[in-house]
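*Asks:* Give the three-dimensional model of this entry:
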Amino acid sequence: MAENQHEFRLPVSVKLLRERTSRLRRARIAVVAHFFIAGMIIAVWASRIPEVKQRAGLNDGELSLALLGMAVGSLAAMQLAGRMVDRYGSGAVMPPAALLASLTLIGPGFANSLPYLFTALVAVGLGSGLLGVPMNVHAARVERRYGRPIMASFHAAFSIGGFTGAAVGGATAYFDVAAPLTFAAVALAMAGLALGVRPWLLRGRDVDTVAATRPTPAPPRPQRGIPWRIVLFGVAAFCCMLAEGSVTDWAAVYLHDARGASGAVAALGFSAFSALMAAGRLVGDRLTATLGAVAIVRGGALVATAGLTLILATPWAGTGIAGFALMGAGLSCIIPHVFGAAVEYDPRRAGRNLSFVSGMGQVGLLSGPVAIGAVAHTIDIAMALVVPAVLCLGIAVVAPALRGAVATRNASVDATA
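*Replies:* Numbers count the residues shown, from 1 in each chain. This next block holds a predicted model:
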């Protein structure tokens with residue numbers, strides 16, 4: 001009888017492999033959830049800005065000043081988050097960061113003055129900045145264990161969160177649900193999601209899993225200062241996110257003013273950009289497995305440049321919308337690969353390296369619309385859009401710096417899915 005029972009037992013190695021597979025899949029789901037949370041929070045806030053502006057009694061200039069608070073909080077938090085991740089591990093930093101990012105969304109809904117809204121948005125920026133660094137480091141750690149590209153899928157979850165948040169914000173506005181109630185409901189739901197997936201995150205320090213999968217040894221000792229390759233990654237992030245910010249704020253204006261599109265048609269420019277960016281991220285991992293990260297980044301930058309060329313070289317709104325769609329597809333996988341490379345360059349300094357690169361990206365995202373506006377005011381908006389076109393070419397030039405900085409995509413002893 002004992003022998004018959006023994007025949008149905010799985011070998012210990014198979015059971016352990018299945019357990020590791022299950023843990024790794026849960027970790028991937030947990031990271032996807034955090035990217036979704038980050039996108040959801042920003043989109044829900046952005047969709048209800050008009051009501052918050054009216055409640056606080058602000059004009060356009062005062063609103064711009066209040067929005068600066070989010071940028072200040074985010075940039076400051078990124079630097080702190082990098083050091084915390086390197087010291088405690090991304091799995092330890094992500095849960096409190098996600099809770100902070102979720103719950104701070106409540107504050108702006110009750111703002112009744114400029115100082116109140118500025119302070120509330122600093123808090124939102126702090127939460128978002130603290131979450132952005134560890135979730136990207138943890139995503140790279142999960143990808144490393146998978147042994148194949150999956151980073152773009154995490155950023156696709158951020159885009160999907162953005163779509164969902166915009167839909168929730170638009171629907172609640174349509175049905176006259178007050179912004180404070182909307183923010184509170186979303187904040188509590190996202191906090192609950194973060195708490196629910198917390199046990200699924202990988203434990204320990206992020207550098208612990210490097211030895212089994214890294215094709216070359218890590219640098220012999222911690223580096224001081226910022227390595228030149230990390231600077232190049234920062235330049236690529238700056239250029240990419242400046243182009244993204246330019247499209248976000250100026251696509252509809254360009255199609256309306258320069259191409260004579262109606263308001264409804266002009267709005268399709270950013271919609272096409274966003275849709276193709278999300279789609280590109282959904283298929284980006286498969287393309288990376290076939291072509292490699294350098295080819296994807298270089299090719300994507302050239303596709304984005306081609307999209308801008310189409311926008312500027314043709315007089316029709318329809319081709320302009322198609323050009324913005326090409327831009328979204330081209331830019332879609334650049335940030336996932338650049339962030340992943342920043343983490344893998346030296347996993348012992350992953351947090352600090354990523355905080356520098358993502359900080360450069362945020363500077364580009366914030367300065368892009370301002371620079372485009374200045375050039376458009378001085379010359380015209382068509383000439384202003386030449387700026388992101390040139391910067392996209394710059395991304396193609398620095399793309400080879402990614403080579404050798406990313407973890408191996410081949411199956412490894414840790415690959416379980």
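
*Asks:* all helices in the stretch 1-150 of the chain, in order from the N-terminus.
*Replies:* Using DSSP state H, counting those that start in this stretch, the helices found in the stretch 1-150 of the chain span residues 2-7, 12-47, 49-56, 60-88, 90-103, 114-146.

*Asks:* which one of these lies closest to Leu366?
*Replies:* helix 60-88 (5.1 Å; C-beta to C-beta). Where C-beta positions appear, they are placed from N, C-alpha and C, glycine not excepted.

*Asks:* quick one: that closest one to helix 90-103, angle?
*Replies:* Helix 60-88 runs at 160 degrees relative to helix 90-103, counting by axes from the mean of the first three to the mean of the last three C-alpha atoms, to 10 degrees.

*Asks:* Which other helices and strands does helix 60-88 contact?
*Replies:* Helix 60-88 sits against helix 49-56, helix 90-103, helix 114-146, helix 350-378, with contacts defined as 3 or more C-beta pairs under 8 Å, 6 or more residues apart in numbering; DSSP states H and E.

*Asks:* Please write out the alpha-carbon positions of the helix or strand just after the third one in PDB.
*Replies:* Going back to what we said before, that points to helix 114-146. Where DSSP states H and E defines the elements, the next helix or strand beyond helix 114-146 is helix 151-174. What follows is helix 151-174, C-alpha atoms only, in PDB (Å, rounded to 0.1, in the frame of the first residue of the first chain):
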ATOM      1  CA  MET A 151       9.000  44.600 -19.700                       C
ATOM      2  CA  ALA A 152       6.800  46.200 -22.300                       C
ATOM      3  CA  SER A 153       3.700  44.300 -21.000                       C
ATOM      4  CA  PHE A 154       4.100  46.000 -17.700                       C
ATOM      5  CA  HIS A 155       4.100  49.400 -19.300                       C
ATOM      6  CA  ALA A 156       1.100  48.300 -21.400                       C
ATOM      7  CA  ALA A 157      -0.700  47.900 -18.000                       C
ATOM      8  CA  PHE A 158       0.200  51.500 -17.200                       C
ATOM      9  CA  SER A 159      -1.400  52.600 -20.500                       C
ATOM     10  CA  ILE A 160      -4.500  50.400 -19.900                       C
ATOM     11  CA  GLY A 161      -4.800  52.000 -16.400                       C
ATOM     12  CA  GLY A 162      -4.700  55.400 -18.100                       C
ATOM     13  CA  PHE A 163      -7.500  54.400 -20.500                       C
ATOM     14  CA  THR A 164      -9.500  53.000 -17.600                       C
ATOM     15  CA  GLY A 165      -8.900  56.000 -15.400                       C
ATOM     16  CA  ALA A 166      -9.900  58.400 -18.200                       C
ATOM     17  CA  ALA A 167     -13.100  56.400 -18.800                       C
ATOM     18  CA  VAL A 168     -14.000  56.300 -15.100                       C
ATOM     19  CA  GLY A 169     -13.300  60.100 -14.800                       C
ATOM     20  CA  GLY A 170     -15.400  60.900 -17.900                       C
ATOM     21  CA  ALA A 171     -18.300  58.600 -16.800                       C
ATOM     22  CA  THR A 172     -18.400  60.100 -13.300                       C
ATOM     23  CA  ALA A 173     -18.300  63.600 -14.700                       C
ATOM     24  CA  TYR A 174     -21.100  62.700 -17.200                       C
END
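
*Asks:* For helix 151-174, buried residues please.
*Replies:* For helix 151-174, the neighbour count (16 or more other C-beta atoms under 10 Å) marks 151-162, 164-166, 168-169, 172-173 as buried.

*Asks:* coming back round to it: out of the helices and strands packed on helix 60-88, deepest packed?
*Replies:* Stretch with highest mean neighbour count among the helices and strands packed on helix 60-88: helix 114-146 (a mean of 25; mean count of other C-beta atoms under 10 Å).

*Asks:* Mind checking the pLDDT average for it?
*Replies:* Averaged over helix 114-146, pLDDT sits at 94.

*Asks:* which residues touch the closest residue to Val32 other than its chain neighbours?
*Replies:* Excluding the flanking residues, the one nearest Val32 by C-beta to C-beta, 6 or more residues apart in numbering is Ala157, at 4.5 Å. By C-beta atoms under 8 Å, 6 or more residues apart in numbering, the contact set of Ala157 is Val32, Ala33, Phe35, Phe36, Gly39.

*Asks:* ok, now Ile37?
*Replies:* Ile37 neighbours (C-beta under 8 Å, 6+ apart): Ala98, Ala101, Ser102, Leu131, Gly161, Met190, Leu193, Ala194.

*Asks:* Please tell me how far it sits from Leu331.
*Replies:* Look at Ile37 and Leu331: by C-beta to C-beta, to the nearest Å, they are 22 Å apart.

*Asks:* which residues does the residue nearest to Val197 when sequence neighbours are not counted contact?
*Replies:* Counting by C-beta to C-beta, 6+ apart, Val197 lies nearest to Ala30, which is 3.9 Å off, once chain neighbours are set aside. Counting by C-beta under 8 Å, 6+ apart, Ala30 touches Val197, Arg198, Trp200, Leu201.

*Asks:* Look up how far Ala243 lies from Asp380.
*Replies:* Using C-beta to C-beta, one gets 19 Å for the distance from Asp380 to Ala243.

*Asks:* Look at the two and report which has more neighbours.
*Replies:* Neighbour tally, Asp380 and Ala243, criterion other C-beta atoms under 10 Å: the higher count belongs to Ala243, 30 against 13.
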